[in-house]
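J.: turn this into a model:
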Amino acid sequence: MDDRSSRSALEPGLARAGRRGRALDRSSSRADFETALERLGHTDLSPHDAEQAWEAFQDLAAAKSRVTVADLQALLDDRLRAVAEQYQLLWLETRTASGTPSWARVRILERNHEAPAEAEGHGDGPIDAALNAVVEALHVEADLVAFSAEALSSGPDALAEADVTVDVGGRHRAAEGVAASITEAGVRAFLHALSAARRAERPDAG
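T.: Prediction:
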């Protein structure tokens with residue numbers, strides 16, 4: 001059975017991940033969450049990955065009134081992939097005010113580095129400021145070539161998916177990221193693109 005067949009089999013219950021047919025939310029227990037993971041086929045996660053997934057869900061549930069299995073799948077696809085990549089976003093803070101440049105601070109963990117990198121950035125809007133902070137933290141030369149974003153579902157608290165094209169060393173890398181906010185989704189997509197560029201430079205890095 002291919003991925004499309006597996007996903008279509010889940011469609012009738014996408015909004016019924018929790019016990020008694022409830023969608024998941026901030027009051028859902030770890031058991032409710034693990035039941036949803038099982039329905040998505042994530043039955044072989046390591047303890048570390050399972051904890052990462054639980055923490056990601058809690059962050060999402062704090063921002064959304066309800067979390068469907070579709071939300072959960074998109075989130076896990078993004079977060080579990082990031083664990084194995086070169087760069088992981090640990091923390092993002094942004095600040096905007098009328099008439100002044102936007103400000104952002106990021107904290108990023110680079111693979112095989114014990115201490116995370118942290119930096120601030122300014123820009124014309126929170127996304128620009130956040131990406132400038134990433135470049136400053138990682139000391140990389142990278143330029144955003146294209147950016148687009150869309151909601152993954154309906155409603156004001158829908159997850160955002162950002163698609164970016166990034167110029168790294170004269171080569172374009174396309175990637176996507178998922179998060180509760182467009183800014184965070186953009187940062188995660190940017191980091192996925194940088195990770196892809198690093199893999200191309202060092203194919204033996206795994």
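J.: from the middle of its chain, how far away would the longest helix belonging to the chain be?
T.: Taking DSSP state H as the criterion, the chain has its longest helix at helix 182-201. Distance, stretch centre to chain centre, for helix 182-201: 10 Å (C-alpha atoms, centre = their mean, to the nearest Å).
J.: for the record, mean pLDDT for it?
T.: In this model, helix 182-201 has an average pLDDT of 91.
J.: what are the buried residues along that helix?
T.: Neighbour counts using 16 or more other C-beta atoms under 10 Å place 182-198 of helix 182-201 among the buried residues. C-beta here means a position set from N, CA and C on the backbone, and glycine is covered the same way.
J.: could you do stretch 68-83 as well?
T.: Quick answer for stretch 68-83 (16+ other C-beta under 10 Å): 68-76, 78-80, 82.
J.: nearest to Pro126, of those?
T.: Asp78 (19.3 Å; C-beta to C-beta).
J.: skipping adjacent residues, who's closest to the closest one in space?
T.: Excluding the flanking residues, the one nearest Asp78 by C-beta to C-beta, 6 or more residues apart in numbering is Val178, at 4.2 Å.
J.: residue boundaries of the helices in this protein?
T.: 3-10, 30-39, 47-63, 69-83, 126-138, 182-201.
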